[in-house]
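Enquirer: Could you look at this predicted model? Sequence included:
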Amino acid sequence: MAVSYKDLGLVNTKELFKKAYDGKYAIPAYNFNNMEQMQAIVQACVETNSPVILQVSAGARKYANGTLLRYMAQGAVEYAKELNKGKGIPIVLHLDHGDTFEQCKDCIDFGFSSVMIDGSHHSYEENIALTKKVVEYAHAHGVTVEGELGVLAGVEDEVSSEHSTYTKPEEVEDFVKRTGVDSLAISIGTSHGATKFKPAQCTRNADGVLIPPPLRFDILAEIEKKIPGFPIVLHGSSSVPVDKVKMINQYGGKMEDAVGIPEEQLRKAAASAVCKINIDSDGRLAMTAAIREVFTKTPGEFDPRKYLGPARDALKELYKLKNENVLGSANKA
Ligand code: G3H
Ligand code: 13P
Ligand code: ZN
């Protein structure tokens with residue numbers, strides 16, 4: 001039997017994005033695959049009094065089981081209330097990178113309050129047709145939809161205007177009008193994972209740290225002009241903190257040439273039309289660094305709580321700092 005997100009205490013993105021747009025901040029969209037990640041996200045957002053988008057990818061559904069993750073998100077609503085003297089915080093349950101109508105429908109029928117349909121790898125017209133179909137079904141259930149135009153670079157791809165994987169500003173108005181989407185993910189130089197740029201694309205500062213090329217704020221500004229007031233989404237927005245990478249390498253890991261999006265650029269984006277910022281890799285780095293430290297310092301440890309606990313605490317601290325200093329979502333719940 002179908003379940004509505006409204007009965008689970010979840011909210012869609014409509015009101016949150018309106019407030020974020022007007023207030024010049026962005027809502028954090030953090031991925032979760034397990035209990036510790038969910039706990040850390042909720043604790044961080046309650047402690048900073050921030051709204052949050054809990055994201056579930058297809059990979060997460062496969063790893064943890066979609067049913068369990070949905071019940072965990074439902075539990076997150078109650079958990080937030082318990083932590084916050086009965087008040088709670090606005091929580092969205094969002095499908096990250098949905099790729100078929102059926103997958104989006106499944107999630108909508110199962111209580112998700114928001115879905116992404118990522119048709120960015122299809123032709124423009126196919127992307128429109130697929131996105132429109134999802135929007136029609138989602139809106140009939142009060143669920144909001146994120147579409148995508150432009151392709152985020154993989155590590156292998158050369159992101160350059162010659163190859164034009166950036167979002168084309170001249171397409172956005174038509175896409176938004178014809179699909180009816182509620183928000184649009186764009187490509188302006190971010191990408192997924194911990195190695196977002198090749199060293200050859202970067203310069204190095206005096207400490208040898210790789211400095212990536214800046215995001216294409218000129219494209220973002222053109223997009224804003226074409227669809228004023230419309231919420232924009234940035235995927236691939238981990239900053240890949242140098243201290244976390246250093247810690248991972250210090251405790252036996254091997255991460256070379258990891259480089260992310262500088263925080264000041266994300267702050268600038270959050271103050272613009274960007275209303276949702278997706279972060280996953282930074283959380284993975286924080287957890288991995290904490291777990292490696294435990295294993296290196298106490299090799300005899302075998303109680304999962306003794307390494308997953310510190311990993312959860314590290315994740316919480318990282319996300320609190322993101323909300324306060326990068327996204328600007330603290331005290332906006
Ligand atoms: O966009 C990708 C997110 O980081 C989710 O990653 O597909 O490995 O769960 P995943
Ligand atoms: P990162 O890999 O930069 O954290 O991006 C996550 C993301 O975009 C999830 O959809
Ligand atoms: Zn993404």
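Expert: Sure, I can see it. Ligands and ions are numbered 1, 2, ... in the order given.
Enquirer: and the stretch 101-250 of the chain, which of its residues are near ligand 1?
Expert: Proximity of the stretch 101-250 of the chain to ligand 1 is assessed by CB under 6 Å from any ligand atom, with H192 identified as the residues in range. Glycine gets a C-beta too; all of them are placed from N, C-alpha and C.
Enquirer: in the stretch 101-250 of the chain, which ranges drop under the pLDDT threshold?
Expert: The model of the stretch 101-250 of the chain has pLDDT under 70 over residues 154-164.
Enquirer: Single out the residue in the stretch 101-250 of the chain that lies closest to ligand 3.
Expert: With CB to the ion as the measure, H235 is the residue of the stretch 101-250 of the chain nearest to ligand 3, at 3.3 Å.
Enquirer: Distance check, F230 against S183.
Expert: Using CB to CB, to the nearest Å, F230 is found at 8 Å from S183.
Enquirer: what do you get for L285?
Expert: 27 Å.
Enquirer: Those two: who's more crowded?
Expert: Taking neighbours as other CB atoms under 10 Å, L285 and S183 compare with L285 leading, 27 against 23.
Enquirer: Tell me if I am right that that one is in a helix.
Expert: Yes: counting by DSSP: H, G, I helix; E, B strand; the rest coil, L285 is found in a helix.
Enquirer: Grab the nearest non-local neighbour of it.
Expert: Distance criterion CB to CB, 6 or more residues apart in numbering; nearest residue to L285, sequence neighbours excluded, is K244 at 4.2 Å.
Enquirer: what's near enough to touch that neighbour?
Expert: For K244, the residues meeting the contact criterion (CB atoms under 8 Å, 6 or more residues apart in numbering) are 282, 285-286, 288-289.
Enquirer: redo that, cut-off 7 Å
Expert: 285-286, 289 (CB atoms under 7 Å, 6 or more residues apart in numbering).
Enquirer: What is the nearest of the residues you listed to ligand 1?
Expert: Checking the contacts of K244 against ligand 1 with CB to the nearest ligand atom, the nearest one is L285 at 12.0 Å.
Enquirer: isn't that closest one right up against G193?
Expert: No: if you go by CB atoms under 7 Å, L285 and G193 don't touch, sitting 10.7 Å apart.
Enquirer: next one: phi and psi at I27?
Expert: Note on I27: its backbone torsions stand at phi -80, psi 130 [degrees, to the nearest 10].
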